[in-house]
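Q: Following is a predicted model, sequence given first.
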Amino acid sequence: MSTQLLIAEDGVTASASEVLAEKKALVSRILNSPALQSSRKCQQLLEYITECALHERVDECTEQQIGIHVFGRSPGYNAAEDSIVRSQVRLLRQRLETYFESEGRDEPLRLEIPRGHYIASFRPRGQEQIGNPDSAAAGQPTAVTLAPHAVPQLAEVARRRFSMYWTIWLCLLLLPVAFWVGTRWTRPSGAQPQVPQLWAGFLQPGSEPLVIFSNAVFVGNGVEGLRYATGSEPHSVPVMDHYTGTGEVAAVYQLTRLFDQNHENFMLKRSLLVTWDDARSRNLIFVGAPLENPSLNVIPDSPDFNFVRDGDAFDIVNRLPMPGEPKRMNHSGWPMTFDYAIVSLRPGFAPGTKMLIFSGMTTIGTQAAVEFACSPAGANQLLPPSLGNKRPYFEAVLMISVSSGVPISSKIIAMHRS
């Protein structure tokens, strides 16, 4: 009895149910052969991929689905990092070759796993291609032998090719439009994005400044409450040094956007992990107030604006107030409606380096300070282009309007240049 489905000019001449039964029998013989009996995983893999082939479930025979249904991987696992499916399919191919070279050498059908695919394929023994060149040469009708599941697969290939051809034509039609838009809106050759003077030293190719974000030390726990460590606690009191404010997180995100837009990179470290041998020769960006960013303690206090403790809170004191500037600033309490932050640009530790410091009274103020400086309008207020290299360093105090814990707007209320 023939196990092929013959599609010729006179139509289909074989029973699909008989062909299906013969394929299932072949799979059963392979599963019980010495080539596979020693590997339960290969048996389970073969059962799964042949079931998908015989019932035309091609979409269920992907590397991800096999990993989940055969090898017990969790949904959404990373197949690029977990090679279990690829290695087991490679092993199964070898065992199939062993079977068809030994006890299965007389099988009328061959079962294969084509390279680059995971679904099983059945083909008559000795037939390497679709079609029969000898019958065509003799002037006879050309017969094509196909497995039942190959018919819908060929239809899918034809559909994809038709879709591909239309995509190509559509791209060719849109190419003149894209060229016109590109020539009209693309920057002139050699032009670079406009970098505010404030960031010019930090966005130089290959400079990679070091961003140091706050990393306060607390005592207590999440149940009984946390408080800032003073350094005088007994050694038996555990400290927590892995908390960072939400505003600092948002601030680092803003810095990431700024650097990405200018195709530059920066290094990122939490404050307690900074080594000054590595930091002293770089441009530095500090994110967070001195209380929460211990690395700032190695920098001498400014004679102009400083944080001073007021009970459980901190105020900003203006030691050299200019006309119209406030002498002391503290946030509005809770619920907060406004906050303050210091932004300063100073010389770095090594010649030719700089440091930018963003310190809010609260984490909200720190976020607002970075957002203000990352905007072109805010950056140009802090360091106007007209100044050039004259008096490039400054300290400024921002007043930030807050609503529902979110900074809404910021403005400079005190500015000292040097």
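A: The structure has been received and is ready for your questions. Residues are numbered from 1 along each chain as shown.
Q: make it CA atoms for all contacts and neighbour counts henceforth
A: Will do.
Q: what's across from the closest residue to Val237 other than its chain neighbours in the sheet?
A: Excluding the flanking residues, the one nearest Val237 by C-alpha to C-alpha, 6 or more residues apart in numbering is Val219, at 7.2 Å. Val219 has these beta-bridge partners by DSSP bridges: Arg227, Val239.
Q: residues near Val219, how many?
A: 18 (other C-alpha atoms under 10 Å).
Q: show me the contacts for it.
A: Listed by C-alpha atoms under 8 Å, 6 or more residues apart in numbering, the contact set of Val219 reads Leu226, Arg227, Tyr228, Ala229, Val237, Pro238, Val239, Met240.
Q: Quick check: the gap between it and Asp241.
A: 9 Å (C-alpha to C-alpha, to the nearest Å).
Q: Any chance of JSON lines for the contacts of Val219, columns pLDDT, distance to Leu284 and neighbour count?
A: Shown next, in JSON lines, are the contacts of Val219 (pLDDT from 0 to 100; distance: C-alpha to C-alpha, whole Å; neighbours: other C-alpha atoms under 10 Å):
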{"residue": "Leu226", "pLDDT": "73", "distance to Leu284": "29", "neighbour count": "14"}
{"residue": "Arg227", "pLDDT": "74", "distance to Leu284": "28", "neighbour count": "15"}
{"residue": "Tyr228", "pLDDT": "72", "distance to Leu284": "25", "neighbour count": "15"}
{"residue": "Ala229", "pLDDT": "71", "distance to Leu284": "26", "neighbour count": "18"}
{"residue": "Val237", "pLDDT": "71", "distance to Leu284": "33", "neighbour count": "10"}
{"residue": "Pro238", "pLDDT": "72", "distance to Leu284": "31", "neighbour count": "13"}
{"residue": "Val239", "pLDDT": "72", "distance to Leu284": "27", "neighbour count": "18"}
{"residue": "Met240", "pLDDT": "70", "distance to Leu284": "25", "neighbour count": "17"}
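Q: Just name the closest of those to Arg328, please.
A: Tyr228 (23.1 Å; C-alpha to C-alpha).
Q: OK, contacts around the closest one?
A: Ala216, Val217, Phe218, Val219.
Q: contacting residues for the closest residue to the first one other than its chain neighbours?
A: It refers to Ala216. Excluding the flanking residues, the one nearest Ala216 by C-alpha to C-alpha, 6+ apart is Glu292, at 4.2 Å. By C-alpha under 8 Å, 6+ apart, the contact set of Glu292 is Ser214, Asn215, Ala216, Val217.
Q: how about Glu292, secondary structure?
A: coil (DSSP: H, G, I helix; E, B strand; the rest coil).
Q: can you check the one 4 residues further on too?
A: Per three-state DSSP, the local secondary structure of Leu296 is helix.
Q: if I look at it, how far off is Ser302?
A: In terms of C-alpha to C-alpha, Leu296 sits 11 Å off from Ser302.
Q: which one of those two has more residues nearby?
A: For Leu296 versus Ser302, neighbours defined as other C-alpha under 10 Å are more numerous around Leu296 (20 against 11).
Q: I figured that one hits Pro290, correct?
A: Yes - Leu296 is within contact range of Pro290, at 5.4 Å (criterion: C-alpha atoms under 8 Å).
Q: check contacts around the closest residue to Val217 other than its chain neighbours.
A: Among residues not flanking Val217 along the chain, Asp241 sits closest, at 4.6 Å (C-alpha to C-alpha, 6+ apart). Asp241 is in contact with Asn215, Ala216, Val217, Phe218, counting by C-alpha under 8 Å, 6+ apart.
Q: count of neighbours near the second one?
A: Residues contacting Ala216 under the criterion other C-alpha under 10 Å number 24.
Q: Next up, the contacts around it.
A: Ala216 neighbours (C-alpha under 8 Å, 6+ apart): Tyr228, Asp241, His242, Tyr243, Thr244, Leu291, Glu292, Asn293, Pro294.
Q: The same query, at a cut-off of 10 Å, please.
A: 227-229, 240-245, 270-272, 288-294 (C-alpha atoms under 10 Å, 6 or more residues apart in numbering).
Q: what's the answer for the last one, then?
A: The neighbourhood of Phe218, defined by C-alpha under 10 Å, 6+ apart, consists of 225-231, 238-243, 292.
Q: For Glu22, see how far away Pro108 is.
A: With C-alpha to C-alpha as the criterion, Pro108 and Glu22 are 10 Å apart.
Q: before we move on, what about Thr337?
A: 78 Å.
Q: can you give me phi and psi for the residue nearest to Val406 when sequence neighbours are not counted?
A: Of all residues not flanking Val406 in the chain, Ile364 sits nearest, at 6.9 Å (C-alpha to C-alpha, 6+ apart). Backbone torsions of Ile364, given as degrees, to the nearest 10, read phi -70, psi -40.
Q: and if you look at Thr50?
A: Residue torsions, per degrees, to the nearest 10, at Thr50 are phi -80, psi -40.
Q: Next, the contact list for it, please.
A: Thr50 touches 23-24, 27, 56-57, 61, 111-113, 118-122, counting by C-alpha under 10 Å, 6+ apart.
Q: And it, how far from Asn215?
A: If you go by C-alpha to C-alpha, the gap between Thr50 and Asn215 works out to 56 Å.
Q: contacting residues around stretch 400-414?
A: 247, 305, 318, 321-327, 331-332, 334-343, 360, 363-369, 371-372, 378, 381-382, 395-399.
Q: hmm, try it at 6 Å
A: Glu325, Thr337, Phe338, Asp339, Tyr340, Ala368, Ala396, Val397, Leu398, Met399 (C-alpha atoms under 6 Å, 6 or more residues apart in numbering).
Q: do stretch 197-204 as well
A: Residues contacting stretch 197-204 (C-alpha under 6 Å, 6+ apart): Ala379, Leu383, Pro385.
Q: The first one belongs to a helix?
A: Yes - read with three-state DSSP, Ala379 is one of the residues of a helix.
Q: And the closest residue to it other than its chain neighbours, how far from Thr244?
A: Distances taken as C-alpha to C-alpha, 6+ apart place Ala373 nearest to Ala379, at 4.6 Å, with adjacent residues excluded. As judged by C-alpha to C-alpha, Ala373 and Thr244 stand 21 Å apart.
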